[in-house]
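1. predicted model, plus sequence, below.
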Amino acid sequence: MTTESSTQPRWRTVSSPTSKTLTSAVWTAAGPLAVGEAGTVVGRPPDGDWRVVIDSGPNARSATLNAATVSDDGERSWFAGSSGVLGLWDTASERKSDFSAPDEKTSSWCAITISGEPGEERLVVANSSGEVVRADLDADQCPTFGGVVKPGSGSTLSALDAADSIVYGTDTSGNVYALRDDEWTRIGIRNAQVNFTDLTAAQTGLFVSGDGGLVYRYDVPCRNWTPVRAAPQTLRGIDAETDRIVAVGDGGGITRCTSDQRWTLEATETERVLRSVALGPTDVAVGDGGTIVERRAEGER
């Protein structure tokens with residue numbers, strides 16, 4: 001069930017250092033970070049303003065970055081995009097590293113995630129051909145890439161996320177996969193009939209966003225999917241943290257799942273498409289034209 005918030009907007013548009021579309025946002029130990037067109041990477045320290053931290057991508061060729069992820073300790077962010085671009089940003093040293101085109105793969109990376117403790121991390125990236133490449137990371141963050149696998153039929157893998165040593169992925173044909181013990185298994189979604197745009201793995205379950213404002217919830221113990229119409233418009237990004245779930249999408253739409261499992265539409269100050277949301281000390285959503293919106297804390301005016 002979806003209701004509409006009657007309060008004043010707590011999501012405010014903030015000054016952005018770029019007019020490039022931002023495609024993915026994460027929270028790091030040094031504050032929120034977002035990536036986007038022309039290899040743009042922007043960040044904000046906890047008490048500062050947004051600024052450009054990388055202006056032309058990890059390989060300085062201005063390839064669009066489509067996805068970002070962050071290590072469990074928040075110290076490193078990996079990002080991937082078109083033409084096989086793949087890079088690492090160390091938040092403490094503010095140093096970038098370029099690992100583009102692993103195994104000569106130059107197709108567009110569409111999704112990325114990381115799991116494991118520092119020194120034992122595993123990076124997973126997926127491309128527009130439905131291929132997945134994994135890399136084991138050593139203590140120096142040097143990747144050793146493995147072979148290429150294709151979990152499904154070749155549809156674009158639009159999102160990846162990891163939780164409890166399991167990697168989840170979704171594609172644009174309504175499929176969701178789980179990687180356990182080096183083997184991919186399809187876990188849904190039967191009769192979905194919508195394109196999936198993003199997913200997030202949380203303690204409360206696995207959530208997938210898609211066309212028509214739909215969010216699918218996967219209850220792991222029961223292996224069961226439940227659809228909810230969380231918004232009237234297409235949802236393009238979703239994130240969850242503890243008992244909070246937020247999805248964003250077209251027309252500046254933002255919807256939040258409350259503790260009573262109701263989805264509430266939240267007022268914003270933008271009508272631009274929002275493509276990603278990252279929950280943290282301040283919730284952040286990013287989108288077209290360099291749009292950045294932040295959610296005001298309770299009690300803030």
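-> Yep, that arrived. Everything numeric in this text was worked out from a predicted model, so none of it was measured. Numbers count the residues shown, from 1 in each chain.

2. so where is the chain shaky, pLDDT-wise?
-> 1-9, 297-301 (pLDDT under 70).

3. if you set the cut-off to 80 instead, what comes out?
-> Within the chain, the stretches falling below the threshold (pLDDT under 80) are 1-9, 119, 193, 203-204, 259-260, 296-301.

4. what sits against the closest residue to Phe79 other than its chain neighbours?
-> When the adjacent residues along the chain are set aside, Phe79 lies closest to Ala68, with 4.2 Å between them (CB to CB, 6 or more residues apart in numbering). From N, CA and C alone the C-beta is placed, and that goes for glycine too. Applying CB atoms under 8 Å, 6 or more residues apart in numbering, one finds that Ala68 lies in contact with Ser24, Ala25, Val26, Leu33, Ala34, Val35, Ser77, Trp78, Phe79, Ala80, Ile112.

5. sort out for me which of these are in helices.
-> The helices in this structure, assigned by DSSP state H, contain none of the contacts of Ala68.

6. one step back: export whichever strand or helix holds the residue nearest to Phe79 as CSV, just CAs?
-> Assigned by DSSP states H and E, Ala68 falls within strand 65-70. Coordinates of the C-alpha atoms in strand 65-70 are reproduced here as CSV (Å, rounded to 0.1, in the frame of the first residue of the first chain):
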residue,chain,number,x,y,z
LEU,A,65,30.5,5.4,-15.1
ASN,A,66,27.3,3.3,-14.6
ALA,A,67,27.7,1.8,-11.1
ALA,A,68,29.6,2.2,-7.9
THR,A,69,30.1,0.1,-4.7
VAL,A,70,32.0,0.5,-1.5
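
7. what's in contact with the helix or strand containing Tyr177?
-> Secondary-structure element containing Tyr177, defined by DSSP H and E: strand 176-180. The contact list for strand 176-180, computed with CB under 8 Å, 6+ apart, reads 124, 151-152, 165-171, 184-189, 196, 199, 206, 208, 218.
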